[in-house]
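Peer 1: The following block contains a protein sequence and its predicted model.
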Amino acid sequence: MSRLKELINEIHRRSLWQVLLIYCGAALVAYQAVQALTEGLGLPQWFPALAIVLFIVGLPVVLATAFVQEVGPPTVAPAEPTALTEAEEAEAAAVHLQARRRHRFLTWRNAAATFVIVLAAWGVVATGWMLFGRANESATADERPSVAVLPLENRSGLEEDQYFTDGIHDEILTQLYKISGLSVRGRTSVMEYRDRTKNLRQIGAELNARYLMEGGVQRAGETVRINVQLIDAETDEHVFAENYDRELSVENLLAVQGEVALRIADALEATLTAAEREGIEARPTESSEAYDFYLRGNEYARQRYDPTDLLISVRMYRRAIELDPAFAIAYAALAQVQGWRSWYYGVAEALPEAREMLERARQLGPDSPEFHMAQGIFQYREREYSEAVQHFARTQELQPNNGEAISFMGFVRRRQARWNEAIIKQQEALQLDPRNHVSMYELGESYAVTRQYAEAEVCYNRAIALAPDVAEYYVAKALQRLLWKGNTDQAIEVIHEGFEAAGHLEVISQLVNLPNVGQHYQPLMRVLAAGYEETPDEVTLRESCLVCYLVLKATVHGQRAEHDLARAYYDSLRVTLAGSAERREGAYSEAQFWRYLGLAYAGLGQRDSAVAAGERSVSLLPVSEDALVGSDVSSTLAETYVMVGEYDAAIDRLDYLLSIPSRVSVPLLRVDPIYDALRDHPRFQALLEEYEQ
């Protein structure tokens with residue numbers, strides 16, 4: 001017999017195939033459990049990879065175990081061959097079988113032991129990290145000197161110089177973002193104190209910042225004076241004060257911004273790495289005029305929800321690029337703005353230019369934080385989540401204090417259904433930018449979808465306190481009251497607060513997200529009739545308001561059994577959506593189109609068309625590809641099923657939505673009138689009992 005054949009026979013005899021199969025299968029199941037534990041416990045994302053390495057290390061042990069020397073009773077070889085009796089042959093066979101069973105038991109036992117040891121080793125590392133690693137990370141963050149750069153005062157006395165002063169302030173912040181040894185508060189939080197009436201001690205407490213930098217900028221002709229002072233907010237003592245008088249050139253401006261950042265780091269004894277110092281000393285352009293247009297573009301780009309300002313910023317950035325074709329960060333800024341114009345306002349020509357500008361930014365500055373941030377946001381909007389994460393992670397490496405990059409990392413993770421990690425990232429971002437009302441609201445959204453309603457309530461209240469004129473926050477809080485308590489009266493009360501604080505039209509444009517609250521609030525009917533008006537300069541805003549208006553009117557009339565009026569509004573909704581078909585681009589826009597078209601068809605009694613449209617919306621944006629919006633689209637499909645009498649399909653969909661993070665809850669299902677048709681359905685009753693908290 002050949003050696004290869006002997007080896008194969010030996011492998012088979014020692015049950016190696018079975019052992020390997022079960023070991024690998026168990027390792028696969030364990031790996032999936034490790035992934036779930038990694039997210040649930042907030043462990044770093046290298047922990048699943050650690051498990052793979054440990055299982056691979058354990059594999060040779062399993063192989064070696066299969067070839068250990070068999071253990072059997074000692075035998076003495078006869079001097080010469082002797083014939084065995086039948087009884088002796090039987091005894092020998094029994095001994096051989098016993099030895100084989102003993103070896104097989106040894107093999108399986110050691111394989112199982114190896115598997116357990118691997119899991120135990122992983123558990124020890126995970127426990128150690130939670131006890132010591134996480135504590136060390138927190139300690140490092142807490143021990144870093146915390147700094148807030150307050151808005152600089154425009155001392156030229158000219159309003160047209162405000163963009164310049166704000167630009168200097170922003171660039172100093174950008175330089176400080178690169179210093180890992182400091183904890184720097186974000187722009188959104190500090191800009192609240194432009195016209196401050198509070199003392200520095202109060203400001204420091206509100207920003208959770210020990211040190212505050214304040215100062216001013218005075219531009220006169222061809223010279224500029226920048227003076228800054230760093231103050232200990234707890235003691236009111238001056239750490240340092242500096243004046244910078246320079247000729248007005250881009251080289252001098254960039255140098256001063258870097259000098260201020262380095263001066264703060266030195267005063268607070270923050271150690272800089274060579275890469276951080278190199279990043280601070282880098283000069284993005286040599287053209288003073290191009291840099292001036294870049295600052296102007298930044299000023300308008302901050303108004304990302306104003307299409308007119310965004311268009312002006314596009315012109316400013318284009319001019320900067322014309323003056324300096326090698327101005328890499330200007331290309332990245334232009335790409336971001338064109339992305340916003342495409343995603344928020346449906347400007348068809350904006351998206352191709354965004355792609356072109358990103359490629360140019362990559363060629364000129366492939367490892368600049370501005371490029372990585374712009375590229376990450378673009379890929380996030382295109383639902384290329386794995387690539388987006390890489391760019392946000394690199395941005396954070398280059399700018400450890402960039403709270404926006406951390407926020408977007410959280411946004412990506414919740415789209416990927418990695419909710420615990422998303423919430424941790426959003427909390428980290430708020431530590432750097434504690435008075436950012438958008439970030440506070442978004443954290444509330446993550447809590448609400450994961451049914452952590454008490455925490456969501458705190459975030460929504462905080463967002464409203466910081467920005468009482470934002471309608472979206474009131475609607476989110478009203479929905480929160482329905483999800484948590486099923487309390488319609490409280491939801492209506494919150495909507496009424498929103499009408500007074502944010503305006504009727506603004507609130508109505510958001511009410512499509514609030515399930516059928518209209519029938520409980522008769523004054524809303526009058527608001528719907530009188531509050532809607534077109535906004536001529538904002539076509540997309542007008543259209544989104546109109547869709548919401550028609551959905552609400554149709555729903556309310558339907559619930560009041562005013563069927564002819566309801567059908568009229570559903571038909572108007574169908575026509576309105578059909579008129580916007582040419583402007584749809586991307587899976588998100590497509591999904592929203594079919595989502596509401598399904599409702600329109602359902603309201604018109606066109607069962608097959610309604611089901612087809614609703615199911616198409618879910619196929620375009622499934623939860624597996626977008627856990628946040630996908631669940632909302634899926635919820636609308638459940639409503640569509642109910643409207644056309646597909647009750648079992650609706651209950652199946654609701655069962656799924658209750659089993660995952662979503663904006664569906666038992667209290668909501670008990671009060672939402674869209675589900676009145678299911679009240680007596682045994683499966684619906686059983687479903688509510690199963691998921692009752």
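Peer 2: Arrived safely.

Peer 1: And the strands in the stretch 101-250 of the chain, which stretches?
Peer 2: Using DSSP state E, counting those that start in this stretch, the strands found in the stretch 101-250 of the chain span residues 146-149, 153-154, 183-184, 211-220, 223-232, 237-247.

Peer 1: For residue 631, which of the ones you listed is the nearest?
Peer 2: strand 183-184 (34.9 Å; Cβ to Cβ). (Glycine included, C-beta is placed from N, CA and C.)

Peer 1: Please identify the deepest-packed of the strands of the stretch 101-250 of the chain.
Peer 2: Burial among the strands of the stretch 101-250 of the chain, expressed as mean neighbours by mean count of other Cβ atoms under 10 Å, is greatest for strand 183-184, which shows a mean of 28.

Peer 1: Can you show me the helices along the stretch 551-693 of the chain?
Peer 2: Remark: helices assigned in the stretch 551-693 of the chain by DSSP state H, counting those that start in this stretch are 563-579, 587-603, 607-620, 629-643, 647-659, 666-671, 682-691.

Peer 1: Switch those helices over to CSV; also include mean pLDDT.
Peer 2: Supplementary listing: the helices of the stretch 551-693 of the chain in CSV, determined by pLDDT from 0 to 100:
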stretch, mean pLDDT
helix 563-579, 88
helix 587-603, 88
helix 607-620, 95
helix 629-643, 94
helix 647-659, 96
helix 666-671, 92
helix 682-691, 94
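
Peer 1: Out of those helices, which gets nearest to residue 297?
Peer 2: Comparing those against residue 297 with Cβ to Cβ, the closest turns out to be helix 587-603 (26.8 Å).

Peer 1: Check what contacts the closest one and list those residues.
Peer 2: Contacts with helix 587-603, where a contact means Cβ atoms under 8 Å, 6 or more residues apart in numbering, come from 346, 383, 547, 551, 554, 558, 566-567, 569-571, 573-574, 577, 580-581, 583-584, 609-614, 616-618, 620-621, 625-626, 629, 633, 636-637, 639-640, 643-644.

Peer 1: about what we covered before: okay if I get the helices of the stretch 551-693 of the chain as JSON lines plus mean neighbour count?
Peer 2: Converted to JSON lines, the helices of the stretch 551-693 of the chain look like this (neighbours: other Cβ atoms under 10 Å):
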{"stretch": "helix 563-579", "mean neighbour count": "17"}
{"stretch": "helix 587-603", "mean neighbour count": "23"}
{"stretch": "helix 607-620", "mean neighbour count": "19"}
{"stretch": "helix 629-643", "mean neighbour count": "23"}
{"stretch": "helix 647-659", "mean neighbour count": "18"}
{"stretch": "helix 666-671", "mean neighbour count": "18"}
{"stretch": "helix 682-691", "mean neighbour count": "14"}
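
Peer 1: For residue 452, find the nearest of the ones you listed.
Peer 2: With Cβ to Cβ as the measure, helix 666-671 is the member of the helices of the stretch 551-693 of the chain nearest residue 452 (14.5 Å).

Peer 1: Figure out how far the closest one is from the centre of its chain.
Peer 2: For helix 666-671, the gap between its own C-alpha mean and the chain's C-alpha mean amounts to 28 Å (Cα atoms, centre = their mean, to the nearest Å).

Peer 1: How about residue 216: which residues does it bridge to?
Peer 2: Residue 216 has these beta-bridge partners by DSSP bridges: residue 153, residue 227.

Peer 1: quick one: buried residues of the strand or helix carrying residue 298?
Peer 2: Element membership for residue 298 (DSSP states H and E) is helix 288-301. Residues of helix 288-301 classed as buried: 290, 291, 292, 293, 294, 295, 296, 297, 298, 299, 300, 301 (neighbour count, 16 or more other Cβ atoms under 10 Å).

Peer 1: Identify the residues contacting it?
Peer 2: Residues outside helix 288-301 that contact it (Cβ under 8 Å, 6+ apart): 162-164, 166-167, 170, 248-250, 253-254, 284-285, 309-310, 312-314, 316-317, 319-321, 323-324, 327, 329-330, 333-334, 336-337.

Peer 1: Equivalent analysis for stretch 190-203, please.
Peer 2: Contacts to stretch 190-203, defined as Cβ under 8 Å, 6+ apart, come from residues 148-151, 173, 206-207, 209, 212, 214, 231, 233-234, 236, 435.

Peer 1: Closest one to residue 280 out of the residues you listed, please.
Peer 2: Nearest to residue 280 out of those is residue 173 (Cβ to Cβ; 12.3 Å).

Peer 1: pLDDT at that closest one, what is it?
Peer 2: The confidence metric pLDDT takes the value 94 at residue 173.

Peer 1: That one touches residue 187, doesn't it?
Peer 2: Yes. Counting by Cβ atoms under 8 Å, residue 173 touches residue 187, with 5.8 Å between them.
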